[in-house]
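**Student:** Requesting a structural model of the entry that follows:
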Amino acid sequence: MSFVRAYLRASTKEQDASRARHALDAFVQERGLRIASYYVENESGASLERPELNRLLDDAQSGDVILVEQVDRLSRLKKGEWEQLRMRLKAKNLRVVALDLPTSWQFLAPATDATSWMMDAINSMMLDMLAAMARKDYEDRRRRQAEGIAKRQAEGKALGRPQNEAKRRAIEAALRDGQSWNQIADAVGVSRMTVARAAKRLKTL
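**Tutor:** Residues are numbered from 1 along each chain as shown. Presented below is the predicted three-dimensional model:
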């Protein structure tokens, strides 16, 4: 028997990874199905090293469905890493269904259509395209973040502000943009502890 396994992900601990659970539940209930298990985590979609995703892949059996709200919840990976993930999915005959990818919805119904092979091919192409778009969006946000940090630092110098004040503002802006602590620490050149203090301060504002 095939199972529907829901995967829910958010990038930072400040975001609610389980936010989409209601939408996923409603989606399968409309089709007379139910979700057998949920895998929820706060990890970057740009990394393959995600504990809950790997647990899902270990648990899943041939023919199971991986249900996500959007393809970018599953992947913001580079091309090579996305191909690795796709190979793991194919090796276990797992089917990805995403609410933002209507061509994938067919996998929740028994395969009786003689043209199902054609729909499989179309869905595979669309899945690859959305994964590539998710990666581009991730890279564009990282680029804008770096440009914003550089601009704020330059403005800080022009106004005579201390460098740490410019960094603080950059960290807070990146936190509001939903960047992960590791990404911000690397981009700004500070420790995770510094990012954590900034996140704590934001909560009190």
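
**Student:** which residues touch the nearest residue to residue 23 once chain neighbours are set aside?
**Tutor:** Nearest residue to residue 23 in three dimensions, chain neighbours excluded: residue 69, at 6.1 Å (Cβ to Cβ, 6 or more residues apart in numbering). To be clear about C-beta, it is placed using only N, CA and C from the backbone, and glycine gets the same treatment. By Cβ atoms under 8 Å, 6 or more residues apart in numbering, residue 69 lies in contact with 8, 20, 23, 24, 98, 99, 100.

**Student:** Select, from those, the two members most distant in space.
**Tutor:** Greatest spatial distance in these: 8 and 100, 14.3 Å, computed using Cβ to Cβ.

**Student:** Which helix or strand in this structure has the lowest average pLDDT?
**Tutor:** helix 116-158 (a mean of 78; mean pLDDT, DSSP states H and E).

**Student:** Tell me the gap between that one and the middle of its chain.
**Tutor:** Counting by Cα atoms, centre = their mean, to the nearest Å, helix 116-158 is centred 11 Å from the centre of its parent chain.

**Student:** next structured bit after that helix?
**Tutor:** Next helix or strand after helix 116-158 toward the C-terminus (DSSP states H and E): helix 163-176.

**Student:** Which strands or helices does that next one pack on?
**Tutor:** helix 116-158, helix 181-188, helix 192-204 (3 or more Cβ pairs under 8 Å, 6 or more residues apart in numbering; DSSP states H and E).

**Student:** on that earlier part again, which one's more surrounded, residue 8 and residue 100?
**Tutor:** Shown here are residue 8 and residue 100; by other Cβ atoms under 10 Å, residue 8 has more neighbours (21 against 13).

**Student:** Give me the residue ranges of this protein where confidence is low.
**Tutor:** Within the chain, the segments meeting pLDDT under 70 span 1, 14, 110-119, 155-163, 204-205.

**Student:** Give me the domain ranges for it.
**Tutor:** Domain segmentation of the chain under automatic domain parsing yields 4-115, 136-204.

**Student:** right, so of those domains, which gets closest to residue 130?
**Tutor:** domain 4-115 (4.0 Å).
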